[in-house]
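# sharing a sequence plus its predicted fold:
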Amino acid sequence: MSNLSEFFGSNVFNDAVMKERLPKSTYKALKKTINEGLALDPAVAEVVSNAMKDWAIEKGCTHFTHWFQPMTGITAEKHDSFISPTSDGKVILEFSGKELIKGEPDASSFPSGGLRATFEARGYTAWDCTSPAFIKDGTLCIPTAFCSYTGEALDKKTPLLKSMEALSSQAMRILKLFGNTSAKNVITTVGPEQEYFLIDKSMYDKRKDLIYTGRTLFGAKPPKGQELEDHYFGNIKERISCFMKELDEELWKLGISAKTKHNEVAPAQHELAPIFTTTNIATDHNQLTMELMKKVALRHGLVCLLHEKPFAGVNGSGKHNNWSMGTNEGQNLLEPGSTPHDNAQFLVFLCAVVKAVDEYADLLRVAAANPGNDHRLGANEAPPAIISIFLGEQLSDILEQIENGGATSSKQGGELKIGVSTLPALPKDSTDRNRTSPFAFTGNKFEFRMVGSSASIAAANFTLNTIVAEVLSIIASRLEKASDFDSEVQSILTEIVKDHKRVIFNGNGYSDEWVEEAEKRGLPNIRTTVESIKALISEKNLAVMEKHSVLSRVEMQSRYEISLEHYIKTINIEALTTLEMAKREILPAAIKFTSELAGSINFIKSTGIAADISAQSELLTEASSLASSLKKEIGILEDSVEKASNLHGDTYSQAYFYTFDVFKKMGELRAAADKLEAIVDADIWPLPTYGEMLFKV
Ligand code: ADP
Ligand code: MG
């Protein structure tokens, strides 16, 4: 690449392009709209759309699309060409302001959770001008929000944008109280670290489970796993390195600042981290990153697996959601300051997050829930299903001092009078070493580590933004009425620490002791997706989303339904795939193997030589008995699936049955099949093994 700085963002209608191509007044008006969240003037839209079209056509585009993020978790696009016929049988290329601002895709085939009656299938997409338009595959893509005819959100972007507004207005109240008069708004930022697996396409093609479900439903443990710890940060193989280079280039063209890439813990596992940006743009970028990972992998004869747990017994993949808040002037509100005043402000924002996470742990938990993540959370490799916060020793010590701040009996009490004393410097490194915490403070941001690798990060972020906005609003209301500001800050912080220190935990989150300890502390331990989904309709959570206009009660209810339905469908597909593979591939292989053994036994016997055939006989007995268990398990799973699909009516009970019956039985069937894999002739076994998939890349 000759000139990276020119190349970067070359397919984005970004600020530089707008500056160059828009009349000054239009540029100014658009910037004002973007920065201050105002409504867009149609006259401005007309000029912008024209400039956008010219730019896109110069770059070889023929089509445009409103690019949106329905509840499927992936992105959707419907392409329209720029052509408009003229009376002389020719065409002109057109793209109006109206087409830029608003689209009307048919919404009937997207999950709506009952929000959209079938007779009214119309949905609307509306331009989100805070995320820049870009070019993908010769199409101008316009990031949009997606809602129903009656205005309910049918996507993940709408609540995210609303939550950013909510947090900004509440955080601004706090900043004003601390005397900040220059900041215009507060922006939530995120840098999501994305984990993924790459395997050879020829092996992927032989596995129906990977094709239909994204994860292996069968597979015996290979002789070598990740025990040598030789993959993490290890040399990157040439083929993978070529993939990574090309991926970086594709991402850079789209203005996605892919920064770090390395091998992860498991064999064939890797990670990519971008530089952080606003939660809205980062969410769009993460969706594009996942899409491009899959596309670019195919060009290299590889398949990118984004599932949370493609291989049992091998580390799964997640997404570390590094989150913070900052002013439009660039001040990071979670960065400790150097003056007593700055420190007090920092502690208010920090403690607001602590309180929010403790009070709305269930909402955060469901934001990270999906069927794939059920394999990880609480499984000794990923954070536990219990939400706790890691603050590091020093910060925890500071909070302890705050808790005892007023008490004269405390030795350190007087040291930390808010607004008077200075915090000790907090070295950034000291806080980043705990890898087992689901929610860790890492110096100037929080890292929410529960999010699944395949999931959109929108829910994690709109949840965080909203619950922190809520706590900030409570704090602001108290401070606005306070006669002695410093002492009110002190008592608010003391209260928060007293009430919420139970959520702070600096120890090993993977240990059994923590599970016990957390239970004593009264922290919820929600182990499954199904159980976590309930949080979407609890009164406390409905109220907070409604209060900050992020999601209405109706919208929350619809998301509850959508999540349950998605869960049911996913496990149902997994169960049907398990059955198909067991019946048509694995059992036949076992039968072939036993027939060969039986043939060998008969053949040797027929020679009349008194050879020792105990190896064949013992194997035959073992394989036949495993085949018979497998056949039995097939019957059991079939019954379970049938029962599940007949459980109409209450979606929750049906989903619950899928978790605690169907899913469990899939595991039992798998156990029998995996035992067979360990003894059946490798030439007969129909599936690429774990060893082949993980090491032959
Ligand atoms: P660490 O080593 O502490 O994990 P890194 O600098 O490697 O920190 O950052 C990890 C991720 O966190 C990156 O994606 C980075 O862009 C992101 N990040 C850094 N600062 C912030 C911030 N203020 N807000 C959101 N994300 C951030
Ligand atoms: Mg990190």
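Perfect, thanks for sending it. Ligands and ions are numbered 1, 2, ... in the order given.
# quick check: which ranges of the chain have low pLDDT?
Under the criterion of pLDDT under 70, the regions of the chain flagged as low confidence span 1-2, 116-121, 228-233, 380, 406-433.
# residues of it that sit close to ligand 1?
Residues of the chain found near ligand 1 (C-beta under 6 Å from any ligand atom) are 189-191, 193, 273-276, 322-324, 332, 432, 442, 444-445. Bear in mind the C-beta positions are built from the backbone N, C-alpha and C, glycine included.
# tell me which helix or strand Ile92 sits in.
strand 91-93 (DSSP states H and E).
# so after that strand, what's the next helix or strand?
With DSSP H and E, the next secondary element past strand 91-93 is helix 97-101.
# what is that following helix packed up against?
Applying 3 or more C-beta pairs under 8 Å, 6 or more residues apart in numbering; DSSP states H and E, one finds that helix 97-101 makes contact with helix 42-58, strand 123-127.
# return the set of buried residues in that helix.
By neighbour count on 16 or more other C-beta atoms under 10 Å, the buried set for helix 97-101 is Gly97, Glu99, Leu100, Ile101.
# now, the residues of the chain next to ligand 1 that are in strands?
Thr189, Val190, Gly191, Glu193, Ala273, Pro274, Asn322, Trp323, Ser324 (DSSP state E).
# save these as CSV, and put in distance to Lys547 too.
Formatted as CSV, these follow (distance: C-beta to C-beta, whole Å):
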residue, distance to Lys547
Thr189, 24
Val190, 23
Gly191, 28
Glu193, 32
Ala273, 34
Pro274, 32
Asn322, 27
Trp323, 21
Ser324, 23
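# smallest distance to ligand 1 belongs to which residue of the stretch 51-200 of the chain?
Of all residues in the stretch 51-200 of the chain, Gly191 sits closest to ligand 1, at 2.4 Å by C-beta to the nearest ligand atom.
# that residue contacts Thr278, doesn't it?
No: in this structure, Gly191 is not within contact of Thr278 by C-beta atoms under 8 Å, at 10.8 Å.
# of these two, which one has the most company?
Gly191 (22 against 19; other C-beta atoms under 10 Å).
# need the contact list for that one.
Ala273, Pro274, Ile275, Phe276, Thr277, Ala282, Asn322, Lys445 (C-beta atoms under 8 Å, 6 or more residues apart in numbering).
# from those residues, which would you call buried?
For those, buried by 16+ other C-beta under 10 Å: Ala273, Pro274, Phe276, Thr277, Ala282, Asn322, Lys445.
# check the gap between the second one and Lys295 for me.
When distance is defined by C-beta to C-beta, to the nearest Å, Pro274 is 17 Å away from Lys295.
# the first one now?
To Lys295, Ala273 is 20 Å away according to C-beta to C-beta.
# give me the residues contacting stretch 542-555.
Counting by C-beta under 8 Å, 6+ apart, 115, 152-153, 159, 162-163, 166, 360, 363, 462, 465-467, 469-470, 473, 556, 559 sit against stretch 542-555.
# generate a PyMOL selection restricted to the buried subset of those residues.
Remark: buried members of the contacts of stretch 542-555, expressed as a PyMOL selection using 16+ other C-beta under 10 Å:
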select buried, resi 115+152+153+159+162+163+166+360+363+462+465+466+467+469+470+473+556+559
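# which of the contacts of stretch 542-555 fall within helices?
Among these, DSSP state H puts 159, 162-163, 166, 363, 462, 465-467, 469-470, 473, 556, 559 in helices.
# tell me where the stretch 351-500 of the chain has strands.
Assigned by DSSP state E, counting those that start in this stretch, the stretch 351-500 of the chain shows strands spanning 389-390, 439-441, 446-448.
# for His66, which of the ones you listed is the nearest?
Proximity to His66 (C-beta to C-beta) singles out strand 446-448 among these, at 29.5 Å.
# just checking: what are the partner strands of the closest one?
Using DSSP bridges, strand 446-448 pairs in its sheet with strand 319-327 (antiparallel), strand 439-441 (antiparallel).
# tally of neighbours for whichever residue of the stretch 451-600 of the chain sits closest to ligand 1?
Residue of the stretch 451-600 of the chain nearest ligand 1, by C-beta to the nearest ligand atom: Asn461 (10.3 Å). Per other C-beta under 10 Å, the neighbour tally for Asn461 reads 30.
# kindly report the same for Gly635.
Neighbours of Gly635 (other C-beta under 10 Å): 10.
# please apply the same query to the one 4 residues further on.
Neighbourhood size, Asp639 [other C-beta under 10 Å]: 12.
# wait, Asn321 sits on Gly452?
No: contact criterion C-beta under 8 Å: Asn321 and Gly452 do not qualify, at 10.6 Å.
# more neighbours, the two?
Set Asn321 next to Gly452 and count neighbours by other C-beta under 10 Å: Gly452 wins out with 30 against 27.
# residues contacting the closest residue to that one other than its chain neighbours?
Once flanking residues are discounted, Gly452 sits nearest to Asn373: 4.0 Å by C-beta to C-beta, 6 or more residues apart in numbering. Counting by C-beta under 8 Å, 6+ apart, Asn373 touches Glu308, Gly318, Ala382, Met450, Gly452, Ala455, Thr529.
# any figure for the gap between Asn373 and ligand 1?
Asn373 sits 20 Å away from ligand 1, going by C-beta to the nearest ligand atom, to the nearest Å.
# which residues of the stretch 101-250 of the chain fall in helices?
157-177, 201-204, 208-213, 238-253 (DSSP state H, counting those that start in this stretch).
# possible to save those as CSV with distance to Val544?
Output for the helices of the stretch 101-250 of the chain, formatted as CSV (distance: least, C-beta to C-beta, whole Å):
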stretch, distance to Val544
helix 157-177, 10
helix 201-204, 43
helix 208-213, 34
helix 238-253, 35
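# okay, those helices, which one's buried deepest?
helix 157-177 (a mean of 23; mean count of other C-beta atoms under 10 Å).
# thinking again about what came up before, now for the buried ones among the contacts of Gly191: which two are most distant?
Pro274 and Lys445 (13.9 Å).
# the nearest residue to Ala39 once chain neighbours are set aside: neighbour count?
The shortest distance from Ala39 to any non-neighbouring residue, by C-beta to C-beta, 6+ apart, is to Thr33 (7.3 Å). For Thr33, the count of nearby residues is 18 (other C-beta under 10 Å).
# ok but Thr33 is inside a helix, no?
Yes: secondary structure of Thr33, determined by DSSP: H, G, I helix; E, B strand; the rest coil: located in a helix.
# so Lys71 makes contact with Lys156?
No Lys there; residue 71 is Met. Yes: using C-beta under 8 Å, Met71 is in contact with Lys156, at 7.1 Å.
# and the two? Which one has more around it.
Lys156 (26 against 22).
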